[in-house]
Each structure stands twice: as structure tokens, then as C-alpha cells.
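Participant: Give the three-dimensional model of this entry:
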Amino acid sequence: MHIATGVILFIIFIFLSILHFYWGLGGRWGADAAIPTKVNSEKVLNPKLPECFFVGFVLLCFAVFSLARATVLFSFLPGWLLKYGLWAIVIIFLFRAIGEFKYVGFFKKIKSTTFGQLDTKYFSPLCLLIAVLALLLLLLK
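Facilitator: Below is the predicted model of the structure:
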């Protein structure tokens, strides 16, 4: 069970990582819908190449952590680093799912924008799923 959980997390993180690298290289598919906006459609964030690549790299590291913790991938990382790395994943994605109460997360106030609707339907539930799967991976080991 822990192997399947690790592989599922790996696939999710690889997809998200590739997407962020794509955006960092100037790709437009999905980019406008993935950035929170105010009611007047003004973007709250305006990420550039370094930010997109940083997030893509972190997500890639999370993918490796997932496979290493599931023992699918031989890891030179110490066990404590994998454990705390997965705890970091749980916390980061749980907080992302909950949100900052204005533009992002289940408890956001601005829900009528394209991002707000997609966040409610897909982004926040995906973040919650990632947090739950990472927690399972911690507990199943």
C-alpha cells in the first residue's frame, strides 16, 4: 500500500513540476487560470521564470521524497530527512488547501473569479489529497 501511495504522489508531483517548468519557460496553457485574481481580474501574483523554476524544483524534490519514502527509489538521504520532508509536504499542502482566507483555499472569500472557481473544484481538493497521501505514506511505513 505504501508503494502505491508513493507512486501516486510521485506522479502528481512530476506533473505539477513539469507544469511549473513549462510556465517558467513561457508556456501559457493554464497559466492564467492558475493565478489568483481580484474581482476586477487583476492578478494577485505575477510569477516570473525564477519563481516558476523554484516551485518546479521543489515539487521535483517532493516527487523524489515520495518515491524514496515508499522504498521504490534507493535513497542516499537519511531517514529523518525523508520523515521531516514528508511532514513538510503534509503541512504545506494542508495549509494551501485551507488557504489564506481571501483568494486561495477552501475558506477564501473571493470565489467568483475563474481561479476561485477552479480552486474550489480542483486545486484545493488536490492539495488536500496530497496532504492526506503524504500523511498516509508517513503512517504506513
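Participant: The closest residue to Trp29 other than its chain neighbours: neighbour count?
Facilitator: Spatially, and ignoring its direct neighbours in sequence, Trp29 is nearest to Tyr22 (7.4 Å; Cβ to Cβ, 6 or more residues apart in numbering). Heads up, the C-betas are built off the backbone N, CA and C, glycines and all. Neighbour count of Tyr22, defined by other Cβ atoms under 10 Å: 16.
Participant: quick one: Tyr22 from Ile11, how far?
Facilitator: 16 Å (Cβ to Cβ, to the nearest Å).
Participant: same check, this time on Pro50
Facilitator: Taking Cβ to Cβ, one finds Pro50 at 26 Å from Ile11.
Participant: next one: Lys43
Facilitator: Lys43 sits 29 Å away from Ile11, going by Cβ to Cβ.
Participant: cool, and Val104?
Facilitator: For Val104 relative to Ile11 (Cβ to Cβ), the value is 24 Å.
Participant: Over to Glu42?
Facilitator: Where Ile11 is concerned, Glu42 sits at a distance of 34 Å (Cβ to Cβ).
Participant: Have a look at those two and say which one is more surrounded.
Facilitator: It is Ile11, of Glu42 and Ile11, that has more neighbours when counted by other Cβ under 10 Å, with 12 against 8.
Participant: And the more buried one, which helix or strand is it part of?
Facilitator: helix 2-24 (DSSP states H and E).
Participant: how far off helix 2-24 does the following helix or strand past that helix point, in degrees?
Facilitator: Downstream of helix 2-24, the next assigned helix or strand under DSSP H and E is helix 49-69. Angle of helix 49-69 versus helix 2-24, following axes from the mean of the first three to the mean of the last three Cα atoms, to 10 degrees, is 170 degrees.
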